[in-house]
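[1] Show me how the following folds:
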Amino acid sequence: MNALELLDEGEIKFNGRIQINRKYVCGKTNDSSSYDHYTLVQDTSIEKKLGVIGIVHGFAQCSDTFMETQVQLAMNGYIVYAIDLEGYGYTAGARICGLRIERFHHQVATLLQLASTN
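    Prediction:
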């Protein structure tokens, strides 16, 4: 998965079936100075999906920590979204120590909004 390390935004496909999309989105706060980074993983060879799963990483991690899990879930028929919390991974913000509970709430709301489109 080393190719993913270079992909902060865009799409990549593995084995002609595992599609990984990475994108910056304006969060539910509509603060145009801060964008959230999310990853969408799905298996395009499976027509009928079982459901949608949202993954929020723990502290001192980023969403890439769960990339293998995301791929495994996708291969088993799920659409998987993961988000980088403020200050982690590709999302802007004070590194590691600046997460506020209000911002956390808005980021999880953004993740749920993205997941609800499927």
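[2] Any idea how far apart the tips of stretch 7-21 sit?
    9 Å (Cα to Cα, to the nearest Å).
[3] So which bits of that stretch are buried?
    Across stretch 7-21, burial judged by 16 or more other Cβ atoms under 10 Å covers 18-21. The C-beta positions use only the backbone N, C-alpha and C, and glycine is treated the same way.
[4] Which of those residues fall in strands?
    Under the assignment DSSP state E, the buried residues of stretch 7-21 contribute 18-21 to strands.
[5] Now tabulate the residues you listed in TSV and tack on pLDDT and distance to residue 47.
    Converted to TSV, these look like this (pLDDT from 0 to 100; distance: Cβ to Cβ, whole Å):
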residue	pLDDT	distance to residue 47
18	95	15
19	94	14
20	93	19
21	91	18
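[6] Kindly tell me how buried residue 76 is, as a neighbour count.
    Look at residue 76: counted by other Cβ atoms under 10 Å, it has 11 neighbours.
[7] my guess is it meets residue 53, correct?
    No. Applying Cβ atoms under 8 Å, one finds residue 76 not in contact with residue 53, separated by 10.3 Å.
[8] sorry, back to before: relative to residue 64, which of the ones in strands among the buried residues of stretch 7-21 is nearest.
    residue 20 (10.9 Å; Cβ to Cβ).
[9] does the closest one have beta-bridge partners, and which?
    residue 12, residue 41 (DSSP bridges).
[10] Repeat that for residue 78.
    Residue 78 has these beta-bridge partners by DSSP bridges: residue 51.
[11] burial of it, as a residue count?
    Around residue 78 there are 19 other residues, counting by other Cβ under 10 Å.
[12] correct me, but it touches residue 55?
    No. Counting by Cβ under 8 Å, residue 78 does not reach residue 55; the two are 10.6 Å apart.
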